[in-house]
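Trainee: Structure of the sequence below:
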Amino acid sequence: MKKALLLLPIVLLFFGFWAYQYQVAEGINTIKITDKQKGICWVGSPRPLEGWELDSLRHLGITHISQTPFGWQSDPKSPGIRWERDSEKMWWGESLEGVKVTTDLGREKGVESILKPHLWVRGQWPGAISMQSEEDWTTWFGEYSEFIMYYAKYAQEHQIPVLCIGTELELTSKREADWRKIISEIRAVYKGEITYAANFTEYEQIEFWDALDYIGIQAYFPLSEKSNPNLQTLVKSWNKKIKEIEKVQKRFQKPVLFTEIGYCNTIDASVEPWVWPNERKDVALSEEMQALCYQAFFETAWKMDWLAGAYFWKWYPQPRDRQPDFTPQNKLAQEVMRSFYAGEN
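Mentor: Purely as a prediction, here's the structure:
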């Protein structure tokens with residue numbers, strides 16, 4: 001008995017390391033987050049970091065970064081997947097060596113990392129991945145299992161607290177049994193928390209949220225029909241989206257994590273937030289519109305008890321002067337983010 005009592009603090013400390021704090025109110029069964037993840041999506045550097053690149057993060061109130069190693073799929077209808085195991089031709093920051101160094105540097109500065117592997121599909125987005133036969137589906141899920149287990153084992157070895165097991169794989173997530181099998185395999189080797197990053201058009205249809213720790217959403221919700229809306233319009237749209245999210249959250253009784261959220265610095269940022277900057281080159285720039293979109297999010301969804309955190313797309317190790325772009329770095333949106341992340345609002 002004495003030995004068991006001596007081990008109790010160690011056990012509690014271990015579980016405390018893994019668990020992001022949330023509570024279920026007794027009788028009401030409502031989740032209340034006590035420590036939100038104040039995140040940004042870190043862009044893997046093509047070359048090794050010098051060490052100063054993460055210095056500003058804590059000043060801005062950032063507590064977490066998501067790191068994204070890639071796998072590659074040549075065609076959305078072909079089941080073959082390649083990743084670091086198969087090629088050395090990749091950016092340093094997207095390799096496990098780079099992920100480890102970035103994680104260690106972040107922890108020295110009080111910033112934790114989560115791991116969020118993506119599939120890069122040539123000429124398409126991952127939501128287009130769909131096989132043409134049951135045989136190909138079996139092959140694809142076998143390949144994907146090897147891919148994600150590679151990173152799950154790494155995450156366990158290096159005590160990464162959250163692993164995202166897939167991102168925007170919209171046409172695959174309908175295959176519930178296949179995903180539950182992958183989740184079971186991951187749980188066998190990884191003891192941290194897991195989520196899946198569902199596209200904003202996808203999350204309501206997923207049936208395996210009960211097997212995960214967070215309902216992950218790529219929160220690129222359209223917030224207006226026209227460019228340059230006012231704050232009132234954006235807030236009204238967010239309040240409508242919140243009600244839709246809450247239906248799923250209440251059904252599964254899981255906290256929600258915005259695995260990505262972001263807006264370009266253009267006047268149409270709120271119309272189709274997911275549109276890539278290269279497709280906005282003829283659109284007028286507007287730091288003010290980008291900042292207003294940030295403000296609307298923080299005044300609404302950020303305040304929800306069930307929201308475990310958000311990760312803004314995206315953050316460069318070395319700031320770039322690319323126009324237009326999603327990053328809030330050195331823009332008005334950065335100050336909005338800082339004021340809420342640092343607890344001033």
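
Trainee: how about the nearest residue to the residue positioned nearest the centre of the chain, chain neighbours excluded?
Mentor: Most central in the chain under C-alpha atoms, centre = their mean is residue 259, positioned 2.3 Å from the mean C-alpha point. Nearest residue to residue 259, sequence neighbours excluded (C-beta to C-beta, 6 or more residues apart in numbering): residue 197, at 3.8 Å. C-beta here means a position set from N, CA and C on the backbone, and glycine is covered the same way.

Trainee: Surely that neighbour is within a helix?
Mentor: No: going by DSSP: H, G, I helix; E, B strand; the rest coil, the assignment for residue 197 is strand, not a helix.

Trainee: mind listing what it touches?
Mentor: By C-beta atoms under 8 Å, 6 or more residues apart in numbering, the residues touching residue 197 are 116, 164, 166, 167, 168, 216, 217, 218, 259, 260.

Trainee: let's see 7 Å
Mentor: Shown in contact with residue 197 (C-beta atoms under 7 Å, 6 or more residues apart in numbering): 116, 164, 166, 167, 168, 216, 218, 259, 260.

Trainee: right, and the fourth one touches residue 127 too?
Mentor: Okay, so that is residue 167. No: judged on C-beta atoms under 7 Å, residue 167 makes no contact with residue 127 at a distance of 9.4 Å.

Trainee: sorry, back to before: quick one: the residue nearest to residue 259 and residue 164, what's the gap?
Mentor: Distance of residue 197 to residue 164, given as C-beta to C-beta, to the nearest Å: 5 Å.

Trainee: Ok, residue 324 next?
Mentor: Distance from residue 324 to residue 164, counting by C-beta to C-beta: 26 Å.

Trainee: now do residue 141
Mentor: In terms of C-beta to C-beta, residue 141 sits 17 Å off from residue 164.

Trainee: Based on its surroundings, how many neighbours for residue 223?
Mentor: Residue 223 has 24 neighbouring residues, counting by other C-beta atoms under 10 Å.

Trainee: and residue 72, that's in a strand?
Mentor: Yes: judged by three-state DSSP, residue 72 forms part of a strand.

Trainee: Could I get the phi/psi values of the residue nearest to residue 345 when sequence neighbours are not counted?
Mentor: In space, and not counting its chain neighbours, residue 345 is closest to residue 339: 5.1 Å by C-beta to C-beta, 6+ apart. Dihedral pair for residue 339: phi -60, psi -30, per degrees, to the nearest 10.

Trainee: Run a quick neighbour tally on residue 339.
Mentor: So residue 339, with other C-beta under 10 Å, has 16 neighbours.

Trainee: Distance of it relative to residue 175?
Mentor: For residue 339, the distance to residue 175 (C-beta to C-beta) stands at 43 Å.

Trainee: got it, and residue 273?
Mentor: For residue 273 relative to residue 175 (C-beta to C-beta), the value is 28 Å.

Trainee: ok, those two, which is more surrounded?
Mentor: residue 273 (20 against 16).

Trainee: Report the secondary structure state of that one.
Mentor: coil.

Trainee: from what I can see it touches residue 265, true?
Mentor: No: here residue 273 lies out of contact with residue 265, judged by C-beta under 7 Å, at a distance of 11.9 Å.

Trainee: For my notes, confirm residue 247 occurs in a strand.
Mentor: No: according to three-state DSSP, residue 247 belongs to no strand; its state is helix.

Trainee: ok, and the closest non-adjacent residue to it?
Mentor: residue 204 (7.7 Å).

Trainee: And residue 313, by the same measure?
Mentor: Nearest to residue 313 is residue 262, by C-beta to C-beta, 6+ apart, at 3.5 Å.
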